[in-house]
Every structure is written in structure tokens, then in C-alpha cells.
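K.L.:
Quick one: sequence plus predicted model below, questions after.
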Amino acid sequence: MMVGHSGLASMLYSLDLVTSTKLYPRTALALLTALNLFNYIDRSVLFAVQDLVKAEFHNSDTAFGVLTSVFFIFYMCAAPFMGPLAERFSRKSVIITGAFIWSGATLLTAFTHDFTGLIMRHTLVGIGEASFVILSPTFVADMFPESQRGRVMGVFYLAIPVGTALGYVLGKTVHYVNKAGKTVKHALIKPGAKVQVVYEKSGDTMVVNRVVVEED
């Protein structure tokens, strides 16, 4: 359900070399912007598959609201500790550790079979993302001269609306594929059934609107 991040932690680990040599600040910016993009894809995709989550775990809108609230509560509680941790250790270390926590929690989604497990996953993701969101803007700003910081931060924060939009697009695509797959599977076990996939235009692309099953 969530976006995979198995390569993100290794991407951030390479950031240590990039910034220590001071040779490739743009590469570091690209890595951090990519991670910020995945951050907001991961954060928004859940809302696009809300109906699937509710149906999978047989929960209400209230339970789904609790799931979202848990993420932001732990995100909010963890955020104030990131500054002191960065001073005691280093910003790179805290960001990398947070990325590993976030990546691991995201991978746990594949092994989540109940709503309690999903809540625990959201708790860890909130803590992991807090380290990145608090520290990465200062990290980016320090790599560039003051005259370039406006443009650089604009590139970095462009990942927020783009990532949010892509999360909804990806989630809606998963929703339609899941819906079509279940309908086709249902049709296949009934001999003589005819399946008609109805598409609709969304921008410049065609997406699945519904699947109609006709039985003889």
C-alpha cells in the first residue's frame, strides 16, 4: 500500500560522502529532494486508498481518523528532540537513522495483517519522518551561498505539492487496479460471464472507471 523505500536509506548514506567533500552540493540537493518527494507520496497515498484500508481491516471512518492522528501525534512529539540530537551527534547521522527507521517501518506494511500493526507502523514512520523534515532544510541551506538559497529551497519544497499529488494518483491507481482485479477474478470463476472495462479520461490519460460483469 505504501511506497517502497528500501533504496532511500542507502541514498542518504551516500550523502555523507557528497557533503564531506563539498564537491557535489547539487547531488546532495537532488538526493534530499527525492527523499522529500517520497516523504509526501508516502504521506498522501493512504488517503487515496482509504476505502481499501477500511475494507481490508473492517474499520470505520473513526478508526481511520485514529490512524492518521497517531502519525501526526508521534511526528509532533518527536520533532522537538531532533534539534538537540543533531547538536549532540550530527545532522547527517540523525537524518540517516531516521531514514532507516522510516524505510524499515514502510517495509513492514507488507507484513501487516491487522489494524494494530498498521498503527504501530504509522508510529515509527512519524518518528522517522520527523528527523528528516526538521533537519534537512538547514542541511540544504548550509550547502549553498545565501544568494542561491531562495532558488534551492524552492526546488526542495517543490517536492511537497508534487509528492502529495503523486501520492493521490498512485493511490487511486492502486484502488482501480485492486477493484478491477477482484471483479475479473469473480468473473473468471463463473463460466459464461463477460467482463467490460469502462475507462474515463483523466487529463491526458485514460484510467479505469469501473468494471461491468455480465453473466449469461
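P.N.:
Perfect, I can see it now. The shown structure was predicted, so the numbers you read here are calculated from the model rather than taken from an experiment. Numbers count the residues shown, from 1 in each chain.

K.L.:
any idea which residue sits dead centre in this structure?
P.N.:
Centroid-nearest residue in the chain: D42, 1.1 Å away (criterion: C-alpha atoms, centre = their mean).

K.L.:
separation between that residue and E146?
P.N.:
32 Å (C-beta to C-beta, to the nearest Å). Heads up, the C-betas are built off the backbone N, CA and C, glycines and all.

K.L.:
With I160 instead?
P.N.:
23 Å.

K.L.:
Neighbour count: those two, which is higher?
P.N.:
Counting neighbours by other C-beta atoms under 10 Å for I160 and for E146 shows that I160 has the greater number, 15 against 7.

K.L.:
Now name the helix or strand holding that one.
P.N.:
Secondary structure from DSSP states H and E places I160 in helix 159-188.

K.L.:
Same check on T33?
P.N.:
helix 25-48.

K.L.:
Does that helix pack against any helices or strands, and if so which?
P.N.:
Secondary-structure packing of helix 25-48 (3 or more C-beta pairs under 8 Å, 6 or more residues apart in numbering; DSSP states H and E): helix 8-21, helix 61-88, helix 115-142, helix 149-157, helix 159-188.

K.L.:
Using CSV, write out every CA atom in the helix or strand following that helix.
P.N.:
Next along the chain after helix 25-48, taking DSSP H and E as the criterion, comes helix 50-57. Extracted as CSV, the C-alpha positions of helix 50-57 are listed here (Å, rounded to 0.1, in the frame of the first residue of the first chain):
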residue,chain,number,x,y,z
GLN,A,50,-8.9,4.9,2.4
ASP,A,51,-11.7,2.7,1.2
LEU,A,52,-9.4,-0.2,0.6
VAL,A,53,-7.9,0.1,4.1
LYS,A,54,-11.3,0.2,5.7
ALA,A,55,-12.5,-2.8,3.8
GLU,A,56,-9.3,-4.8,4.4
PHE,A,57,-9.3,-4.3,8.2
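
K.L.:
Return the set of buried residues in helix 50-57.
P.N.:
52-53, 56-57 (16 or more other C-beta atoms under 10 Å).

K.L.:
Show me where this structure dips below the pLDDT cut-off.
P.N.:
The chain contains residues with pLDDT under 70 at 1-23, 175-176, 178-216.
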